[in-house]
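**Q** Show me how the following folds:
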Amino acid sequence: MPRVRIVMCLLMITIISGSCKHQKTVFIPDNPLPVAFGDPFVLKTNNKYYLYGTTGGKAGFEAYSSDNLKDWKPEGDVYYGNNTNGWGNGAYWAPEVYEKEGKYYMFYSAQWKDNPNNEKENFKVGVAVANNPLGPFTDLSNKPIFDPGYPIIDANVYFENGKAYLYYSRCCYKHAVDSEVSAWAKEKGWYNEIEESWIYGVELKPDFSGIIGQPVVLLKPPVDMNNEHTKWESRSVLAKEANRRWNEGSVLFKDKDVYYMMYSANHFAGEYYAIGYATAQSPLGPFTKSVHNPVLEKNNIVTGTGHNSIIPDPDGKGWLCIYHGRTEKTGNDRQVFIDRMVIDKNGVLKVEGPTVSTK
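**A** Numbering: from 1, shown residues only. Take a look at the predicted model:
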């Protein structure tokens, strides 16, 4: 092989995976993305990527599209809360879009306008449908999917063997839980009680009109205070940031024969927001939290890293973790980040971030 050809081949290998014969694009993070979303979710369909997320006080959701996960085109509004069947009344959060049988379904949370007791937090989960990923999405019903009797947010859906499973977070609101941390905070005179958010799972009806069976508790904050593997989930309380502890923003996926549930803990608006994961042998658990948590947390540049979604890495060698975070430059605005994620031969999940582009 001529020397020039060898050099060119080596150069190509440095920027692509595989060989000169099998060329695949290697995704290199370029963070943060120029997208001010919280709770980001990426859908890949028809060789294109679509990005959805929480957009502050907006009464609905916007979307971006991309061919390469780096250059993102704003596509404008794709869901309006005042659509024909709109049941929400503010706080439209955490949209996730799934393709099924040629249609696109958006699961999201919002304040339910049916609020006879005037609850401050009356969040529920709904689903809207569209013929394409850019909408417009219209709610399937003029009410939420179901009412468990407490406020819920952060819908995530997992499909397997013809079944669909819904995962959600019970809000902290009016959900005080006794623990070593709550006793400690009360003794210090900081808080009289600590409210908690727990993650539940339940099977969905095939048409998404309701649930099958009763929701099961899958994850909740630790009862003990000083366990080295779980105490990171209490940082917001220990720093006197909030009288709440969270397990929220779940995303379920399967790698080999293991079910992985990633989740976020601590206050979403604070610096300690971080991501951990748990594993199980079935979609509804029981789940065991990893001793390697957290797998994504703040560093000296990025804070508030949390509420992620995942997609396969384009090079086929792992996964990508899509999450929001903040930098000194972005201030209080949540910005989207994408970092590589791998699961090693021992089944340990690792997120290679948070990273910031040096450009």
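**Q** For the rest of this, base every contact and every neighbour count on C-alpha atoms.
**A** Noted.
**Q** just checking, Ala183 is part of a helix?
**A** Yes - counting by DSSP: H, G, I helix; E, B strand; the rest coil, Ala183 is part of a helix.
**Q** That one: neighbour count?
**A** Close neighbours of Ala183, defined as other CA atoms under 10 Å, add up to 16.
**Q** How about the one 10 residues further on?
**A** Residue neighbour count, defined by other CA under 10 Å, stands at 18 for Glu193.
**Q** For it, give me its contacts.
**A** Counting by CA atoms under 8 Å, 6 or more residues apart in numbering, Glu193 touches 176-178, 182, 185-186, 243.
**Q** repeat that for 6 Å
**A** Ser182 (CA atoms under 6 Å, 6 or more residues apart in numbering).
**Q** now Ala94
**A** When the contact criterion is CA under 6 Å, 6+ apart, the partners of Ala94 are 39, 53-54, 108, 154.
**Q** send the alpha carbons of the helix or strand harbouring it over as PDB?
**A** Element membership for Ala94, per DSSP states H and E: strand 93-100. Extracted C-alpha coordinates of strand 93-100, given in PDB (Å, rounded to 0.1, in the frame of the first residue of the first chain):
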ATOM      1  CA  TRP A  93     -43.000  19.300  32.100                       C
ATOM      2  CA  ALA A  94     -40.900  16.500  30.800                       C
ATOM      3  CA  PRO A  95     -42.300  15.400  27.400                       C
ATOM      4  CA  GLU A  96     -41.200  12.100  25.900                       C
ATOM      5  CA  VAL A  97     -42.200  11.000  22.500                       C
ATOM      6  CA  TYR A  98     -42.500   7.400  21.200                       C
ATOM      7  CA  GLU A  99     -43.300   5.900  17.800                       C
ATOM      8  CA  LYS A 100     -45.900   3.200  17.600                       C
END
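**Q** Distance from the chain centre to it, please.
**A** Mean-position distance between strand 93-100 and its chain equals 11 Å (CA atoms, centre = their mean, to the nearest Å).
**Q** Quick check on the most centrally placed residue in the chain: phi, psi?
**A** Closest residue to the average C-alpha location of the chain: Asn308 at 3.2 Å, with CA atoms, centre = their mean. When read as degrees, to the nearest 10, the backbone of Asn308 gives phi -100, psi 160.
**Q** returning to that earlier point: so in that sheet, which strands flank the strand holding Ala94, and in what orientation?
**A** On the basis of DSSP bridges, the sheet neighbours of strand 93-100 come out as strand 103-111 (antiparallel).
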